[in-house]
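Chemist: build me a model from this:
(chains A and B)
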Number of protein chains: 2
Amino acid sequence: MYTLHIGNKNYSSWSLRPWILMRELGLPFDEKITPFHVPGFPAFSTFSPSAKVPCLHDDGTVVWDSLAIAEYLAEKHPGVWPRDAKARAWARCAAAEMHSGFQDLRNTCGMNVGLRIELPAIAPGLQANLDRIAALWTEGLQRFGGPFLAGPAFTAVDAFFCPVAFRVQTYGLKLPKPALDYVQRLLALEGMKDWYAAGLQEPWRDGPHEDDVRRSGKVLEDLRAV
Amino acid sequence: MYTLHIGNKNYSSWSLRPWILMRELGLPFDEKITPFHVPGFPAFSTFSPSAKVPCLHDDGTVVWDSLAIAEYLAEKHPGVWPRDAKARAWARCAAAEMHSGFQDLRNTCGMNVGLRIELPAIAPGLQANLDRIAALWTEGLQRFGGPFLAGPAFTAVDAFFCPVAFRVQTYGLKLPKPALDYVQRLLALEGMKDWYAAGLQEPWRDGPHEDDVRRSGKVLEDLRAV
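Modeler: Coordinates of the predicted model:
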């Protein structure tokens, strides 16, 4: 049985990636949430050598990076990446580009699933990131026929862009229609609905994450229950 | 025949990763250098959908991310990752951690193989990155027996840390002895010596890259020939 350590569902974009991948592929796992900076919870370093989430434990093997988790699972289960070699190469490029890039989107639009935020303006760096995401998604959807990025099935490349779907929702980001339709498809996944609902119920607030979001724009709504 | 598009050898840390991987594994490729911001050379966007280097072309398949290149090659050639499953999981985690992280090291110590720089001080974020690198390398070297990070052979995880070796050399970064010994082993590879020598001979200077380095510290030596 896999154990997947994650952070707050409201904030942790990195945690969402392997979580939604495993959920959508139907791979059973034991979920362990450790919220950011809450006394009484263990430090991330007690279960992850990089002191970061997510971290997968599999019978003594510790896999401490989201993309490495995808590759680890891909060796054991079908469906993590597309079966077609060209689609698989494309999917790995797009997921790895997300893994290392899109700094402006990350910095300006920190994931906070329960808030709705109005950005005062779209800075050029953020717009460039959005343009690249639109181009990448459009290419994948057209080339491999949709409804997911690399073809008919949800694979790891979709999982890597699931946090972007929540960001688009929180910040009302503008994208071309095919890209916004894809966002809606991601948000409608059972796993995404469950993650979202759980995020709204979390009682924890993390100062740095809250500050980042409020620095970026004006809070229009806070849908969190607690 | 593979074609690998790269940027300047003096600057492009991302390009070095697949280049040294293919060199050390003995995979033949046609190297195409496009320097940063030099009139007369094509824009990166003409050969790479992300407009970034590196980018591998293989008979119509375009693989535009360094880590995705490693996985693409791993499907076709032995030796990209360690053969042992536990070493392979570890190697993928360490490479992916480098791929997405170590921002302070990247920002403060931009790769510039031909310069020797004195940093005025080591900021806490940079020290945290160096501590993590030392811990990671020490763990790999001890656990898998060396002389490379995941065992007896040079694999993709070593390729991902080759740019760090040049950074340690350029900035005189302090690391524990086993980590510095590993840096020396990387710098002594034939491929690394060839890359370094070629970098010193490049005639191009890129303003943003040069400015970054000079903002970080004092130039002690410029070993570039031209």
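Chemist: switch to C-alpha atoms for all contacts and neighbour counts from now on
Modeler: Will do.
Chemist: okay, now whichever residue of chain A sits closest to chain B: neighbour count?
Modeler: When scored by CA to the nearest CA, chain A has residue A:100 as its residue closest to chain B, at 4.4 Å. For residue A:100, the tally of surrounding residues (other CA atoms under 10 Å in any protein chain shown) stands at 17.
Chemist: quick one, what contacts the residue nearest to it when sequence neighbours are not counted?
Modeler: Ranked by CA to CA, 6 or more residues apart in numbering or on different chains and with sequence neighbours excluded, the top spatial neighbour of residue A:100 is residue B:100, at 4.4 Å. Taking CA atoms under 8 Å, 6 or more residues apart in numbering or on different chains as the criterion, residue B:100 is in contact with A:99, A:100, A:101.
Chemist: in three-state terms, label the residue nearest to the spatial centre of chain A for me.
Modeler: For chain A, the residue nearest the mean C-alpha position is residue A:163 (3.0 Å; CA atoms, centre = their mean). Three states are possible here, and by DSSP: H, G, I helix; E, B strand; the rest coil the one that applies to residue A:163 is helix.
Chemist: do I have it right that it meets residue A:111?
Modeler: Yes - contact between residue A:163 and residue A:111 holds when scored by CA atoms under 8 Å: they sit 6.9 Å apart.
Chemist: overlap in contacts, those two.
Modeler: Overlap between the contact sets of residue A:163 and residue A:111, as judged by CA under 8 Å, 6+ apart, is given by residue A:13.
Chemist: from the rest of the structure, what touches stretch A:36-54?
Modeler: For stretch A:36-54, contacts defined as CA under 8 Å, 6+ apart pick out A:4-8, A:12, A:14-15, A:18, A:34-35, A:55, A:62, A:64-66, A:204, A:206, B:132.
Chemist: cool, and stretch A:181-194?
Modeler: For stretch A:181-194, the external contacting residues (CA under 8 Å, 6+ apart) are A:20, A:23, A:24, A:147, A:148, A:162, A:165, A:166, A:168.
Chemist: just the buried members of the residues you listed?
Modeler: Buried residues within the contacts of stretch A:181-194, defined by neighbour count using 16 or more other CA atoms under 10 Å in any protein chain shown: A:20, A:24, A:147, A:148, A:162, A:165, A:166, A:168.
Chemist: which residues touch the third one?
Modeler: The contact partners of residue A:147, taken as CA under 8 Å, 6+ apart, are A:141, A:153, A:182.
Chemist: of those, which belong to helices?
Modeler: Within the contacts of residue A:147, membership in helices is found for A:141, A:182, as judged by DSSP state H.
Chemist: out of the contacts of residue A:147, the closest to residue A:122 would be?
Modeler: Of all the contacts of residue A:147, residue A:122 sits closest to residue A:182, with 21.4 Å by CA to CA.
Chemist: quick one: that closest one and residue A:166, what's the gap?
Modeler: Residue A:182 sits 12 Å away from residue A:166 when distances are taken as CA to CA, to the nearest Å.
Chemist: tell me, what's touching those two both at once?
Modeler: Both residue A:182 and residue A:166 lack any common contacting residue under the criterion CA under 8 Å, 6+ apart.
Chemist: and chain A, what are its domains?
Modeler: If the domains of chain A are taken from automatic domain parsing, they occupy A:2-74, A:85-194, with pieces of a single domain joined by a plus sign.
Chemist: residue A:225 in helix, strand or coil?
Modeler: With three-state DSSP as the criterion, residue A:225 reads coil.
Chemist: dump stretch A:191-204 to CSV, restricted to CA.
Modeler: Taking C-alpha atoms only, stretch A:191-204 is exported to CSV below (Å, rounded to 0.1, in the frame of the first residue of the first chain):
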residue,chain,number,x,y,z
GLY,A,191,-11.0,13.7,-7.8
MET,A,192,-10.7,17.5,-8.3
LYS,A,193,-14.2,18.0,-6.8
ASP,A,194,-13.2,16.0,-3.8
TRP,A,195,-9.8,17.8,-3.4
TYR,A,196,-11.6,21.2,-3.7
ALA,A,197,-14.3,20.3,-1.1
ALA,A,198,-11.7,19.0,1.3
GLY,A,199,-9.6,22.2,0.8
LEU,A,200,-12.6,24.4,1.7
GLN,A,201,-13.1,22.4,5.0
GLU,A,202,-9.5,22.7,6.2
PRO,A,203,-9.2,24.7,9.4
TRP,A,204,-5.6,25.8,8.9
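Chemist: buried sites along that stretch?
Modeler: A:191, A:192, A:195, A:196, A:197, A:199, A:200, A:202.
Chemist: ok now it, how far from the chain's centre?
Modeler: Stretch A:191-204 has its C-alpha centroid displaced from the chain centroid by 13 Å (CA atoms, centre = their mean, to the nearest Å).
Chemist: could you list which of the contacts of stretch A:36-54 belong to helices?
Modeler: Judged by DSSP H, helices contain the following of the contacts of stretch A:36-54: A:14, A:15, A:18, A:66, B:132.
Chemist: any chance of these in JSON lines, plus pLDDT, neighbour count and distance to residue A:41?
Modeler: Shown next, in JSON lines, are the ones in helices among the contacts of stretch A:36-54 (pLDDT from 0 to 100; neighbours: other CA atoms under 10 Å in any protein chain shown; distance: CA to CA, whole Å):
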{"residue": "A:14", "pLDDT": "98", "neighbour count": "23", "distance to residue A:41": "19"}
{"residue": "A:15", "pLDDT": "98", "neighbour count": "23", "distance to residue A:41": "17"}
{"residue": "A:18", "pLDDT": "98", "neighbour count": "25", "distance to residue A:41": "22"}
{"residue": "A:66", "pLDDT": "98", "neighbour count": "25", "distance to residue A:41": "22"}
{"residue": "B:132", "pLDDT": "98", "neighbour count": "16", "distance to residue A:41": "23"}
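Chemist: how about the residues of chain A near chain B?
Modeler: By the criterion of CA under 8 Å from any CA of the partner chain, the positions of chain A lying close to chain B are A:50, A:61-65, A:67-69, A:72, A:86, A:89-90, A:92-93, A:96-97, A:99-101, A:132.
Chemist: switch to 10 Å and redo it
Modeler: When proximity is defined as CA under 10 Å from any CA of the partner chain, chain A approaches chain B at A:49-51, A:60-69, A:71-72, A:75, A:85-101, A:132-133, A:135-136.
Chemist: how about the helices in chain A?
Modeler: Counting by DSSP H, chain A forms helices over residues A:13-25, A:66-74, A:85-100, A:103-108, A:124-144, A:156-171, A:177-187, A:190-201, A:207-216, given from the N-terminal end onward.
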